[in-house]
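Visitor: have a look at this prediction, sequence included:
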Amino acid sequence: MAGSLIVLGAVPGSLPAASAASSVVVVDGFDWPSSLGYITDGCDPGDSAPGFDPQYRRQGLRGHRSIGFGFGGTGGMAGVEARVATPRSLTDARFGVYYPEASGGGLGRQGVIKVSYATSPDGFGYPYYVGILDLHLHDAGWTSVTGVGSADLHWYLFDGATYTAQNVQASVAEFAQSKGTDGSGAWVGFELGCDGRTHYMDDLRLTTASGTRTYDFEGAESESSLTAATSHDGHTFKRDITSLRLVKGETHRIYGDSYGYSDGVQDDGYLDGVAHLWERRYGANWRRVASANYLSTGYARFAIAPAKKTLYLVKTVPTLTPFTPSTSLTLTVDVRRTLSARVADTRIRKGKRISVSGRINPTDSGVSVLLQRYRDGAWRTVARTTTTSGGRYSVGVRARTVGTWRMRITVPTAKGNLGTSSSAQTVRVVRAAPPAVVEPVTYVSPVPTPVFHDPIDAKDPGTHHRQVAPPHGRKVGTSRGAVPVAP
């Protein structure tokens with residue numbers, strides 16, 4: 001069957017992005033959806049379809065992997081075909097192919113584009129039409145096979161045994177339009193392998209009037225999981241845990257691993273690999289914080305001690321190439337604050353102030369603090385304040401009734417932490433002290449001793465005080481028994 005060379009373009013890293021109307025189908029290894037199928041043929045008339053070995057590669061044009069075919073010799077082709085429901089509106093078809101090594105020589109074809117089209121609406125019963133276009137791919141690395149939607153294919157009628165040339169060269173859409181029907185649709189396929197080289201494929205795209213469908217060929221599916229105890233002091237473990245509550249300061253163990261699912265080539269089971277722990281702290285972005293190995297018989301182990309609400313997940317990379325990396329469900333860890341509360345006096349008199357002070361942890365400022373009293377079967381807020389720097393607070397209420405006051409501090413959920421309450425503390429309020437009794441005091445003014453001032457003579461009154469004359473003519477200051485002094 002004769003063909004023509006298709007336009008090829010080298011792809012250094014990835015193919016152009018699909019249109020906004022596109023849908024992407026992720027293909028898990030060789031577990032293909034019903035819209036994909038295998039095709040194998042001999043490279044020349046009379047050649048039989050070859051056997052092939054499924055291949056996996058740790059790099060693709062999309063995602064993490066690509067798949068392909070390995071051959072034990074030359075002369076055969078293998079590949080993939082995808083169904084198009086409305087071939088009359090097919091405008092583009094392309095795919096990426098990777099060769100680990102360049103062609104060893106010769107300019108013969110390495111494969112073909114093969115399109116099968118059935119005009120009957122009842123399915124692909126014989127006969128149906130086949131369009132063929134030769135592919136010549138010699139370089140190593142990724143190559144984009146493009147322009148398939150507009151390329152002229154050579155058309156044949158196939159009755160199950162013989163290909164009869166229709167002597168028509170036309171694109172898929174043109175040929176289907178000439179038949180006036182979409183029939184049972186068309187299968188657009190790509191086959192390679194005539195020179196015996198292993199090849200890989202990825203990013204198959206088909207564009208019709210309804211949009212673009214892209215097939216992302218990945219490895220066999222794996223599934224990452226996080227496992228942890230459901231509470232800090234508990235011994236019940238849950239796989240794929242998504243929520244957990246801790247108290248500030250508690251350290252908790254979490255475990256990561258992955259499970260591989262069969263794609264018809266690989267067996268399913270737990271895998272070996274590397275687990276990367278990612279976290280998203282309150283108010284921050286995702287970041288990787290730790291990595292650890294895991295085995296099919298055990299877990300990667302991590303310890304977490306979040307201060308505020310934090311999200312966690314693990315991304316695992318299996319050791320076996322056929323299995324794709326995967327990401328676990330997200331674990332949300334809510335963290336309850338701790339707080340201290342100290343009552344200044346546990347026994348006060350009525351009318352005095354009940355004062356409570358303390359600190360919250362984490363030590364945020366601007367967090368509401370409620371002073372509550374238990375009364376009539378419920379906790380009731382009697383005063384409030386907000387924390388200052390370092391998470392400190394002081395709050396109080398005047399005790400206006402006598403009796404036992406049960407008091408506590410409550411901090412609501414705020415700033416990435418669950419709220420909490422202190423333990424209840426008892427304050428005894430007693431009657432106010434009676435006023436002090438003041439005894440009346442009688443003040444007696446002392447009577448001063450009068451001092452008499454009499455004049456001695458009229459010439460100088462008030463300059464001398466009168467003194468009593470000594471008896472018997474004695475001089476003042478002499479004693480009664482003194483010897484008289486002669487005149």
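Guide: Right, received. Where do you want to start? Numbers count the residues shown, from 1 in each chain.

Visitor: state the mean pLDDT of stretch 232-251.
Guide: What stretch 232-251 shows for mean pLDDT is 96.

Visitor: can you name the residues in contact with it?
Guide: Contact partners of stretch 232-251, identified using Cβ atoms under 8 Å, 6 or more residues apart in numbering, comprise 225-231, 252, 254, 303-307, 328-338, 361-362, 417-418. All C-beta spots, glycine's among them, are computed from the backbone N, C-alpha and C.

Visitor: using the three-state scheme, assign residue 216.
Guide: Put simply, residue 216 is strand when judged by DSSP: H, G, I helix; E, B strand; the rest coil.

Visitor: swap in residue 61?
Guide: coil.

Visitor: in strands only, show me the contacts of stretch 232-251.
Guide: Of the contacts of stretch 232-251, the ones assigned to strands by DSSP state E are 225-229, 252, 254, 303-304, 331-336, 338, 361.

Visitor: just the buried members of those?
Guide: Neighbour counting by 16 or more other Cβ atoms under 10 Å classes 225-229, 252, 254, 304, 331, 333-335, 338, 361 among the ones in strands among the contacts of stretch 232-251 as buried.

Visitor: dump these to TSV, plus distance to residue 274.
Guide: Converted to TSV, those look like this (distance: Cβ to Cβ, whole Å):
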residue	distance to residue 274
225	15
226	15
227	17
228	19
229	23
252	22
254	16
304	18
331	19
333	23
334	29
335	28
338	36
361	35
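
Visitor: looking at these, spot the one nearest residue 204.
Guide: residue 225 (30.9 Å; Cβ to Cβ).

Visitor: who does that closest one bridge with?
Guide: residue 257 (DSSP bridges).

Visitor: how much space between it and residue 354?
Guide: Applying Cβ to Cβ, to the nearest Å, the value for residue 225 to residue 354 is 52 Å.

Visitor: and residue 270, by the same measure?
Guide: 60 Å.

Visitor: for residue 391, which non-adjacent residue is spatially closest?
Guide: Once flanking residues are discounted, residue 391 sits nearest to residue 363: 3.2 Å by Cβ to Cβ, 6 or more residues apart in numbering.

Visitor: show me the contacts for the one you found.
Guide: Taking Cβ under 8 Å, 6+ apart as the test, what residue 363 contacts is 387, 390, 391.

Visitor: how is the protein carved up into domains?
Guide: Here the domain parsing of the chain from automatic domain parsing is 8-218, 222-336, 338-430.

Visitor: which of the ones you listed has the lowest average pLDDT?
Guide: Across the domains of the chain, domain 8-218 gives the lowest mean pLDDT, at a mean of 90.

Visitor: quick one: distance of that domain to the chain centre.
Guide: On the basis of Cα atoms, centre = their mean, to the nearest Å, domain 8-218 sits 40 Å off its chain's mean C-alpha point.

Visitor: and if you look at stretch 211-227?
Guide: On Cα atoms, centre = their mean, the centre of stretch 211-227 falls 20 Å from the chain's centre.

Visitor: please enumerate the strands of the stretch 151-300 of the chain.
Guide: Taking DSSP state E, counting those that start in this stretch, the strands of the stretch 151-300 of the chain run over residues 153-158, 163-170, 186-192, 199-208, 211-218, 222-229, 237-239, 243-247, 252-260, 269-270, 273-281, 287-294, 300-304.

Visitor: what's the closest of those to residue 378?
Guide: strand 243-247 (24.6 Å).

Visitor: quick one: the closest one to strand 300-304, angle?
Guide: If you take axes from the mean of the first three to the mean of the last three Cα atoms, to 10 degrees, strand 243-247 sits at 50 degrees to strand 300-304.

Visitor: so what strands line up beside strand 243-247?
Guide: Strand 243-247 pairs in its sheet with strand 331-336 (parallel), by DSSP bridges.

Visitor: what's the angle from the partner strand to strand 222-229?
Guide: Using the same axes, to 10 degrees: strand 331-336 against strand 222-229 is 20 degrees.

Visitor: surely residue 320 is in a helix?
Guide: No - assigned with three-state DSSP, residue 320 falls outside any helix and is coil.

Visitor: any idea how far it lies from residue 343?
Guide: From residue 320 to residue 343 the distance is 63 Å (Cβ to Cβ).
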